[in-house]
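A.B. asks: Structure, please.
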Amino acid sequence: MAFRDLCAVPGAAASWALPQDFTCVFNWEFAPERNRLLGLYERGKTMQWNANDRIDWAQDLDLENPLQLPVGALPINAAPCYQRLPAREQMEIRRQHQAWSTSQFLHGEQGALICASKIVQQVPDMDAKFYAATQVMDEARHVEVYKKLLEKFGVTYPMTPPLRSLLEQVLRDSRWDMTYLGMQIVIEGLALAAFARIRDEAQNPLAAAVNAYVMEDEARHVAFGRLSLRDYYPQLTRAERDEREEFLVEACELMRDRFDAMELWQHLGLPVEECVEHLHVSGASAAFRTRLFTRIVPAVKDIGLWGERVQRGFERLGVLEFASVDIEALQENDLAAARDFDARQRYVRAVAAAAE
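C.D. replies: This is a model prediction of the structure:
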């Protein structure tokens, strides 16, 4: 069966053609070369990995709870409309929600693949072009692994409207820094927080490993965006910075709304307004939506885009407290977690070899 035949929504488009207009920059100066960016480039080269070798794809998913997440991970778990359903229907909604979430990861990674290739063309500095080229390969691998994981679900979903809207803005904008800001800081920053939940809470070893290994790469990508924008934003005028702050707040609101999953509840025949209202008032769901910004807020402060407009926006979103999060420590933890998964894989393989 072709991958597109797994789509749960009849008539969903098989592709999305988005016209773009931006300047492609050639550079023969090779200066200034920034040591930290070149260091990231070296790490990007040496930390490439093969998804077929590193991940055991023979592992299966339990279709009653494919990722084997806690019951409370379903955001409408305590909603009356869900609680009234028989157990078999609840199980199917859980499976569909996990497939929908994983589908958004796939779509976000393809967006990142296209954005990284755009950065290679647009960004004026060669050291940034070098690193962005390694990210293109990373993102291709991420598309590969989420596509393989979704094949095990047996069902996929189209891109959610808020993610599509933000990607369209990022890809249509001709300024290279807006591609960084929208993708490296907002979309990937939020994705890291969502991936971390699966890495840390999923009991299915395949799903947990996929997210751990993707996060190992993404930690470098966010660092790349921070380093590049930290150097650039002090050069902008106040008006230019204000425009970027306004875009940033709107982008964060779009990404928050992405997790309302309105189109999913509608597709499943659930009362959409009741589901969304529950998401907004439920303590657990509200806490999860807030935690999604643990990576974005400190990154935004680090790049210096920290004017009154951004701070008011983050305060309105209830996430201003994350400004003090140590983002470097989070990234080191992501690298350590991936090493731990490698160690477990080696142990399992050694036990299996000894048994044979």
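A.B. asks: can you tell me the average pLDDT over stretch 76-87?
C.D. replies: Averaging pLDDT along stretch 76-87 yields 95.
A.B. asks: Determine the longest helix present in the chain.
C.D. replies: In the chain, taking DSSP state H as the definition, the longest helix is helix 87-122.
A.B. asks: buried ones in that one?
C.D. replies: Neighbour counts over helix 87-122 (16 or more other C-beta atoms under 10 Å) mark 90, 93-120, 122 as buried. Placement of C-beta: from N, CA and C, glycine included.
A.B. asks: in the chain, what spans have low per-residue confidence?
C.D. replies: 1, 284 (pLDDT under 70).
A.B. asks: 50 instead?
C.D. replies: Under the criterion pLDDT under 50, no range of the chain is flagged.
A.B. asks: Can you classify the residue nearest the centre of it as helix, strand or coil?
C.D. replies: For the chain, the residue nearest the mean C-alpha position is residue 191 (2.4 Å; C-alpha atoms, centre = their mean). Three-state assignment for residue 191 (DSSP: H, G, I helix; E, B strand; the rest coil): helix.
A.B. asks: Return the residues in contact with it.
C.D. replies: Neighbouring residues of residue 191 by C-beta atoms under 8 Å, 6 or more residues apart in numbering: 105, 108, 218.
A.B. asks: now residue 300
C.D. replies: Per C-beta under 8 Å, 6+ apart, neighbours of residue 300: 185, 248, 306, 310, 314.
A.B. asks: Redo the residues you listed as a markdown table? Include secondary structure and neighbour count.
C.D. replies: Below are the contacts of residue 300 laid out as a markdown table (DSSP: H, G, I helix; E, B strand; the rest coil; neighbours: other C-beta atoms under 10 Å):
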| residue | secondary structure | neighbour count |
| --- | --- | --- |
| 185 | helix | 25 |
| 248 | helix | 24 |
| 306 | coil | 17 |
| 310 | helix | 23 |
| 314 | helix | 23 |
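A.B. asks: Was I right to think residue 152 contacts residue 66?
C.D. replies: Yes - Residue 152 is in contact with residue 66 according to C-beta atoms under 8 Å; the separation is 7.4 Å.
A.B. asks: So residue 275 sits against residue 81, correct?
C.D. replies: Yes - here residue 275 reaches residue 81: they are 6.8 Å apart, a contact under C-beta under 8 Å.
A.B. asks: Looking at these two, which has the bigger crowd around it?
C.D. replies: Neighbour count, other C-beta atoms under 10 Å: between residue 275 and residue 81, residue 275 has more, with 21 against 14.
A.B. asks: now the more buried one: how far from residue 266?
C.D. replies: Distance, residue 275 to residue 266, by C-beta to C-beta, to the nearest Å: 9 Å.
A.B. asks: same check, this time on residue 214
C.D. replies: Residue 214 is 29 Å from residue 266, by C-beta to C-beta.
A.B. asks: out of the two, which sits in the busier spot?
C.D. replies: Counted by other C-beta under 10 Å, residue 214 and residue 266 do not tie: residue 214 has more neighbours, with 26 against 12.
A.B. asks: which residue packs closest to the more buried one, ignoring adjacent ones?
C.D. replies: Among residues not flanking residue 214 along the chain, residue 142 sits closest, at 5.2 Å (C-beta to C-beta, 6 or more residues apart in numbering).
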